[in-house]
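[1] Can you look at this prediction? I've put the sequence above it.
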Protein chains: 4
Amino acid sequence: MSQTKNYPPVSYSDYLKTGKLLELQSPRSLEFGKEAHEELLFIIVHQTYELWFRQILHEINSILGIFNQSVVREEEMITVVSRLSRIVEIQRLLVDQVSVLETMTPLDFLEFRDMLYPASGFQSVQWRLIENKLGLRPKSRLKYNAQPYHAHVNPEEQKLLLESENAPSLFDQVDAWLSRMPFLGAKDFNFASEYATAVKDMLDADEANVRRFAKGDEDLQRNLKSIEDTRAVFSSLLSEEKYKTLVEAGTFRLQHRSIQAALFILLYRDQPIFGLPFQLLTRLQDVDELMTTWRYRHALMVHRMLGTKIGTGGSSGHQYLKAATDQHRVFGDFFNLTTFLIPRSRLPKLPDSVSKRLGFHSP
Amino acid sequence: MSQTKNYPPVSYSDYLKTGKLLELQSPRSLEFGKEAHEELLFIIVHQTYELWFRQILHEINSILGIFNQSVVREEEMITVVSRLSRIVEIQRLLVDQVSVLETMTPLDFLEFRDMLYPASGFQSVQWRLIENKLGLRPKSRLKYNAQPYHAHVNPEEQKLLLESENAPSLFDQVDAWLSRMPFLGAKDFNFASEYATAVKDMLDADEANVRRFAKGDEDLQRNLKSIEDTRAVFSSLLSEEKYKTLVEAGTFRLQHRSIQAALFILLYRDQPIFGLPFQLLTRLQDVDELMTTWRYRHALMVHRMLGTKIGTGGSSGHQYLKAATDQHRVFGDFFNLTTFLIPRSRLPKLPDSVSKRLGFHSP
Amino acid sequence: MSQTKNYPPVSYSDYLKTGKLLELQSPRSLEFGKEAHEELLFIIVHQTYELWFRQILHEINSILGIFNQSVVREEEMITVVSRLSRIVEIQRLLVDQVSVLETMTPLDFLEFRDMLYPASGFQSVQWRLIENKLGLRPKSRLKYNAQPYHAHVNPEEQKLLLESENAPSLFDQVDAWLSRMPFLGAKDFNFASEYATAVKDMLDADEANVRRFAKGDEDLQRNLKSIEDTRAVFSSLLSEEKYKTLVEAGTFRLQHRSIQAALFILLYRDQPIFGLPFQLLTRLQDVDELMTTWRYRHALMVHRMLGTKIGTGGSSGHQYLKAATDQHRVFGDFFNLTTFLIPRSRLPKLPDSVSKRLGFHSP
Amino acid sequence: MSQTKNYPPVSYSDYLKTGKLLELQSPRSLEFGKEAHEELLFIIVHQTYELWFRQILHEINSILGIFNQSVVREEEMITVVSRLSRIVEIQRLLVDQVSVLETMTPLDFLEFRDMLYPASGFQSVQWRLIENKLGLRPKSRLKYNAQPYHAHVNPEEQKLLLESENAPSLFDQVDAWLSRMPFLGAKDFNFASEYATAVKDMLDADEANVRRFAKGDEDLQRNLKSIEDTRAVFSSLLSEEKYKTLVEAGTFRLQHRSIQAALFILLYRDQPIFGLPFQLLTRLQDVDELMTTWRYRHALMVHRMLGTKIGTGGSSGHQYLKAATDQHRVFGDFFNLTTFLIPRSRLPKLPDSVSKRLGFHSP
């Protein structure tokens, strides 16, 4: 295209700085004697991880910027969803990339492992930033050898990490955005009470069936107990008080109003206006699931490479990593929320006045 | 949940009919003497392909049903996009599945290949149905041994195939849906003419630059020629007449109005109302790309298994398959369309009256 | 090829029995009223799983047959390794296939979930067979609702499961094969004692360094303690007595002689004769890792679909599944074994007499 | 481990040089005004490609070094196979990585494409080195705008490329290694003549059957013709003269003796001594297939990003890339070779004297 005349020409290698890029691999084994063939792989696997982490941070930062406004416009929501989808696509690659590292055998690794002391993947600042910016909070982190997770990084990096702890995370911003959802308590429609009625009707019908078809008393009691449990589970969502105990127990983290909004979106996702919010919640689940899957595959790989060797810090690496897999989940609420769904056929019908506001203008 | 009492109980194996399912693998080598170990793999790979094809057809049929209405509502478009996404996810699996078949070596295959005569993957009715329903038309099919593609299937299957040829395909329906797009020629905004102006301005500016900065006459002439070529490319879209020649040459297949609508969507995809249409076009590209990728991987695999052996029908299998890879693409228009995009900074600004109609009511 | 004349001709659809295959999908929602669109996906995902399970069993059975001989010949070991590689390739597909099921949302699932009672994936007989034949033993299974894992399957299937419990598993056979390894205690080379010496030399050198370079007493004591721990870890492998306590604690399961043989293979894998045994151990790790990864992805998916809903049997499905992920590993020994590796530079040199027996005749 | 005391300590970020690594992304759009959000993705995708190319070159160079000896020992062949397997694992990642780049839409790309002129992926020196070192020769390269493929790279890079053209490639070395295979013409076994006899017997039996069971003259003639064609195909391998015409026609590239050796390995791969050579040939096919698949996916992606836009050099990028997909294959011989396989049941039995030399000493 002719308008390119305005920009100074650039070559592939200058643009991508391949000269410098390909000078950044310095095997320690080469420095200290004889190169261990597999050390280059070890370096390149980690460098590509860091490059992808940079890209993930780029996307998260842009999404945080969008949510950091009082109003998120529709077209921006499209952008948020497509950037989360990109993160998901990158995460798939990160998980598969573990298989590449596993072509190095433990014995290959031993050839240079002793030269890496005390470097550790725990020192990846970008990975910690990703966790913090998604919404992992320091108190939720699994303790590792009684040291803060940001020990052993330099002061500048530590500052970045502390800032990311204190700034609103993606979790916080989605929570706030959900809590502002305007449809929950319109004057002509109260979601919580309509939903409570639907659940009650469903469970009453169940109970009637149970009483009618029970095969003996034991069967009856077991089934009644099951219905009672189900009522308890549902009621916890409807009562702000009971919900608070779920939050205190660590079962949920979202605000009460936010979890109702999220539930509303999941239940009425066919409404045009919920198309994108539904995609947003789904992508957040995808991101969370793939963070978790990556942690798990990583833990298995460490187990394979090191066995149960006592780590440089004195505890078993792979057991810590496995424990962190679940503990470090951020968007678990959207998984647990599924508990509260009811079949579409039981959904309270939205009044026209609400339904209309959830659609587009007809053109 | 207690309401399950209404349905008769069912076990895993009854539900999935695993008993019958696992009886449907009958290696010919077993029947005719000594079982070739790899024949079961060959059967199961193809049976899982057929099961996935069934699922893909299920999704395509439901999408055709939705488009087969005079108006496609927003909430239905969400459904269309998510079902196309499911097809894409299945296609990724189909491509990866080729690697499983490739664990069988050519010599393993020779152990039972002679017993399969004259069976051929060309006889997969479901695959042909998928192609037809997406929009591949008989005249576009690569000829194979001068026989129609539906030779060698039974009359009932042939009927299904002919019906699918004659019914509106997904391509047809998307074409029709695009051609009905109401925003192209509003009284206060004419897309084609605004776009033509934008392109002309862009190229005029380029030409001025070229004349100003030319390093000698040869350089000037080459650059002017390049601008002239670019003008020609763009003008073919703006003139229904010129576009017709592109259609006749097989470069495009969409109606002139539809391709303008598609271009409009791609260019103004940030408008809320184009969020889903943009996702639709993207998913169609994904489906097309993965159909093509599967064909290509399949052709490579056949090359690997059979070499250049003269096939049962007298021609080289893998060369036919490779030729068909490109020839059988259906949604190439949405790839070629990219030719006509211009940078966002050059986009004609939509008048408020149009822009407003492309947004949601504010709640 | 002309020799095909001997076999009766067969068509693609007759060979693959596609007619019957595509009749085996019977959505309950269709039977009981209105078809839930996603139920077909649910059925097909599970049917393809069962077909792949059948293939995996086909490979495992053939491998068991090979090991079920007093001597496993080299060419058979090639077959074992390539069939394990095939299982690995299939497992990769099974893990990825979870993403296809996840295109179904929890609300879609609720449309027909109540109709499936009391069917459960726990009733997949083939999956249980795979676990048993690989070597999972009943006492190692995580208890589920105080019922045996084979409750709720029919008597014939139960018989199959019990047989598979009692027959030698792949684990048992690999254990026996390793224990027969002839190189461990030749008259001119005693692996255990050579290895003990190598470890002692390595740790003595470490201790000398520690004493020389210690920065104060605290540093010295910590480092001496670390060396002491390392000595203890290694000694447990060298003493049959101490190893027994590791077995009793559940850390290891292989016989003492077998674990030494496995270690010998890993350490001297460059010897030609260990090429295939080393590939065998690596593939067993791959199989184990992918079984585990599949369980984990499956647990995440169940969490996503059902939240923390109380399952039909009264306990949380996804938490059980997560707990089983680690508990049900079979070849963990080959991961834990890595603990005992030492760098190549520390390896005792094999005497020529042994080394010669580990090579090929020169042709 | 205590012996680490010998090496100076290193941190994660110093080891991986993350500081410098994460400074190498300089979006042109940022430099020239407003950052285009997707440019970072574009840079990082290409930088990770270059890092992986470096790793692939590291593996190829080490394999070339091993083959660059007069004798390749068994244990080195294990190393060759496992390093080729690593390349395959990396290539799988490279193919999947295309999906990440495709999350950038063509319009996103247009935001900064004009700033990249005249940079082009054709300038990736490492990719060209990979092609050359595998065995792609300059005369086999598809011509691009009448310029040599190494135009536009700097003199130092050009020197590297020319050296790699002239040095023995992996193809050359495998060819030489095959041609040295000692088993083809032992005094007690002549592979070519035994194989010729086996093929003749097979086809004579076929002809007898054809004559006996012919349904009329037309059927007879067609079947006789088919047998005649098959004889011709097989004879081309057995006659050095006829084979030469296949080489001249570009159908084959290996030496006549090498292709017989490769055939011998494929046919008798169950012999212990052929275990690794068979794995070698299989991995070379995998590498070739994935190079090709990557090229194809890349061509589709370029089509998607640019449509049929006239490229900076004046020709359509994606059509060139598609044409190169097949033209640039290196190990096609091992695919075409499959043409000459015969069923195991037809294999000439190896005399004991040969068979014995193909096994291990019994320990």
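    Everything's here; your move. Residues are numbered from 1 along each chain as shown, chains lettered A, B, ... in the order given.
[2] Which secondary structure state does the residue nearest the centre of chain A sit in?
    The centroid of chain A falls nearest to residue A:288 when counting by Cα atoms, centre = their mean (2.5 Å). Here residue A:288 takes the helix state, with states given by DSSP: H, G, I helix; E, B strand; the rest coil.
[3] looking at it, it is touching residue A:336, isn't it?
    No. Counting by Cβ atoms under 8 Å, residue A:288 stays clear of residue A:336, with 11.5 Å between them. In this view, the C-beta of every residue, glycine as well, is placed from N, C-alpha and C.
[4] how about residue A:15, what does it touch?
    By Cβ atoms under 8 Å, 6 or more residues apart in numbering or on different chains, residue A:15 lies in contact with D:28, D:43, D:116, D:119.
[5] Which pLDDT value goes with the nearest residue to the first one once chain neighbours are set aside?
    The shortest distance from residue D:28 to any residue other than its chain neighbours is 4.0 Å, reached at residue D:115 (Cβ to Cβ, 6 or more residues apart in numbering or on different chains). Residue D:115 is assigned a pLDDT of 88 by the prediction.
[6] Am I right that residue D:115 is in contact with residue D:30?
    No. Using Cβ under 8 Å as the test, residue D:115 is too far from residue D:30 to be in contact (10.1 Å).
[7] Have a look at those two and say which one is more surrounded.
    Between residue D:115 and residue D:30, residue D:115 has the larger neighbour count (other Cβ atoms under 10 Å in any protein chain shown), namely 21 against 14.
[8] ok, now how distant is the more buried one from residue D:109?
    11 Å (Cβ to Cβ, to the nearest Å).
[9] now residue A:208
    61 Å.
[10] okay, those two: which has more neighbours?
    Using other Cβ under 10 Å, the more surrounded residue of residue A:208 and residue D:109 is residue D:109, with 22 against 12.
[11] Can you classify the nearest residue to the more buried one once chain neighbours are set aside as helix, strand or coil?
    Among residues not flanking residue D:109 along the chain, residue D:305 sits closest, at 5.3 Å (Cβ to Cβ, 6+ apart). Secondary structure, three-state DSSP: residue D:305 is helix.
[12] quick one: residue D:305 and residue D:103 touch, right?
    No. Residue D:305 is not in contact with residue D:103 according to Cβ under 8 Å; the separation is 11.7 Å.
[13] returning to what we had before: which pLDDT value belongs to the residue nearest to residue D:109?
    89.
[14] Would you quantify the distance from it to residue B:335?
    Distance of residue D:305 to residue B:335, computed by Cβ to Cβ: 9 Å.
[15] Over to residue A:297?
    35 Å.
[16] now swap in residue A:291 and tell me
    34 Å.
[17] Same check on residue A:116?
    47 Å.
[18] residue boundaries of the strands in the stretch 251-363 of chain A?
    For the stretch 251-363 of chain A, applying DSSP state E, counting those that start in this stretch gives no strands.
[19] hmm, back to that, give me the more crowded residue out of residue A:291 and residue B:335.
    residue A:291 (25 against 22).
[20] residue contacts, the more buried one?
    For residue A:291, the contact set (Cβ under 8 Å, 6+ apart) comprises A:91, A:134, A:328-330.
[21] Of the residues you listed, which is the nearest to residue C:212?
    Among those, residue A:328 lies closest to residue C:212 (Cβ to Cβ), at 41.2 Å.
[22] My guess is the closest one contacts residue A:138. True?
    No. At 11.5 Å, residue A:328 does not count as touching residue A:138 under the criterion of Cβ under 8 Å.
[23] who has more neighbours, these two?
    Between residue A:328 and residue A:138, counting by other Cβ under 10 Å, residue A:328 is the more crowded of the two (18 against 12).
[24] Residue A:223 versus the residue of chain A most remote from its centre, what's the distance?
    Most distant from the centre of chain A: residue A:216, at 46.8 Å, with distances by Cα atoms, centre = their mean. Applying Cβ to Cβ, the value for residue A:216 to residue A:223 is 11 Å.
[25] Repeat that for residue A:252.
    28 Å.
[26] Likewise for residue A:104?
    According to Cβ to Cβ, residue A:104 stands 55 Å off from residue A:223.
[27] Over to residue A:150?
    For residue A:150 relative to residue A:223 (Cβ to Cβ), the value is 52 Å.
[28] How about residue A:206?
    8 Å.
[29] just residue A:215 next, same as before
    10 Å.
[30] neighbour-wise, which of these two wins?
    Of the pair residue A:215 and residue A:223, residue A:223 is the one with more neighbours under other Cβ under 10 Å, namely 20 against 8.
[31] Just the residues contacting the helix or strand where residue A:172 lies, thanks.
    Secondary structure from DSSP states H and E places residue A:172 in helix A:170-179. The contact list for helix A:170-179 (Cβ under 8 Å, 6+ apart) reads A:60, A:63-64, A:67-68, A:72, A:133-135, A:168, A:253-255, A:257-259, A:261-262, A:280, A:284, A:330-331.
[32] Mark which of the residues you listed are buried, thanks.
    A:60, A:63-64, A:67, A:72, A:133-135, A:253-255, A:257-259, A:261-262, A:280, A:284, A:330-331 (16 or more other Cβ atoms under 10 Å in any protein chain shown).
[33] Skipping adjacent residues, who's closest to residue A:91 in space?
    Closest to residue A:91 by Cβ to Cβ, 6+ apart is residue A:290, at 3.7 Å.
[34] The one you found and residue A:85 touch, don't they?
    No. In this structure, residue A:290 is not within contact of residue A:85 by Cβ under 8 Å, at 11.7 Å.
[35] in chain A, what spans have low per-residue confidence?
    A:1-6, A:144-147, A:183-187, A:309-317, A:356-363 (pLDDT under 70).
[36] Next, count neighbours for residue A:274.
    That count, for residue A:274 with other Cβ under 10 Å as the rule, works out to 22.
[37] ugh, typo on my part, it should be residue A:321
    23.
[38] give the contact list for it.
    Residue A:321 neighbours (Cβ under 8 Å, 6+ apart): A:295, A:298-299, A:302.
[39] swap the cut-off to 10 Å and go again
    Applying Cβ atoms under 10 Å, 6 or more residues apart in numbering or on different chains, we find residue A:321 in contact with A:121-122, A:142, A:144, A:295-303, A:328.
[40] Give me the common contacts of residue A:288 and residue A:336.
    Common neighbours of residue A:288 and residue A:336 (Cβ under 10 Å, 6+ apart) are residue C:304.
[41] Spatially nearest residue to residue A:162, not counting backbone neighbours?
    Looking at residue A:162 with Cβ to Cβ, 6+ apart, the closest residue is residue A:150, at 7.5 Å.
[42] SS state for the one you found?
    coil.
[43] got it, and residue A:8?
    Taken by three-state DSSP, the conformation at residue A:8 corresponds to coil.
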